[in-house]
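# predicted model follows, preceded by the sequence.
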Amino acid sequence: MATGKIDRFSGRYRFLSNFYPAVVELDGQWYRTVEHAYQAAKFPYGLDRDVFFDVDLTPGQAKRFGRGKGGSEWHSKSLEIMLELLRQKFREPKLRSLLLGTVGAELIEGNDWNDKFFGVVNGIGENWLGKLLMAVREEIAGEEL
């Protein structure tokens, strides 16, 4: 059980990152990471998503490819999509156990790439990734009782 704050999803806590390998499904297709699936969700189903299946496409490249895409409706549905992908990721027993090992700690996606929506930069940001991870952790912990 962790306490305090986990303010970077790297090193020992890299598994919390959306770049961490974890197979998830979106619209009947399987993706290698949450990041690949999340970015693919910004594009219409079909050919526009093919790039996200390239085995050489890193999560960072997927993120750059999807940046600014998704249209005017994206913002309103992005958190719902992210939550569902995180739920899938943490159904995997090892990842589930690792997430439960953070019970008691506030999860903060601290970053230096200026993501103040999903994370926190120099103490400023909405930390939606951290909030969603804590919500998934709470759901899982409730199932364990």
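Everything's here; your move. Only a predicted model underlies this, so the values are computations on that prediction, with no experimental measurement involved. Residues are numbered from 1 along each chain as shown.

# which SS state does the most centrally placed residue in the chain fall under?
For the chain, the residue nearest the mean C-alpha position is Asn18 (3.8 Å; CA atoms, centre = their mean). Classification of Asn18 using DSSP: H, G, I helix; E, B strand; the rest coil returns coil.

# tell me how far it lies from Lys69.
Asn18 sits 16 Å away from Lys69, going by CB to CB, to the nearest Å. For the C-beta atoms, the positions are set from N, CA and C on the backbone; glycine is no exception.

# this protein: helices as residue ranges?
Applying DSSP state H to the chain gives helices spanning 34-40, 59-66, 74-89, 93-100, 128-144.

# how about those in JSON lines, adding distance to Ala22, mean pLDDT and mean neighbour count?
What follows is these, written out as JSON lines (distance: least, CB to CB, whole Å; pLDDT from 0 to 100; neighbours: other CB atoms under 10 Å):
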{"stretch": "helix 34-40", "distance to Ala22": "6", "mean pLDDT": "98", "mean neighbour count": "26"}
{"stretch": "helix 59-66", "distance to Ala22": "11", "mean pLDDT": "96", "mean neighbour count": "17"}
{"stretch": "helix 74-89", "distance to Ala22": "4", "mean pLDDT": "96", "mean neighbour count": "17"}
{"stretch": "helix 93-100", "distance to Ala22": "6", "mean pLDDT": "98", "mean neighbour count": "14"}
{"stretch": "helix 128-144", "distance to Ala22": "12", "mean pLDDT": "95", "mean neighbour count": "17"}
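
# nearest to Arg14, out of those helices?
Smallest distance to Arg14 across these (CB to CB): 9.9 Å, for helix 93-100.

# hmm, who's touching that closest one?
Helix 93-100 is contacted from outside by 15-16, 22, 89-90, 133, 136-137, 140-141, 144, using CB atoms under 8 Å, 6 or more residues apart in numbering.
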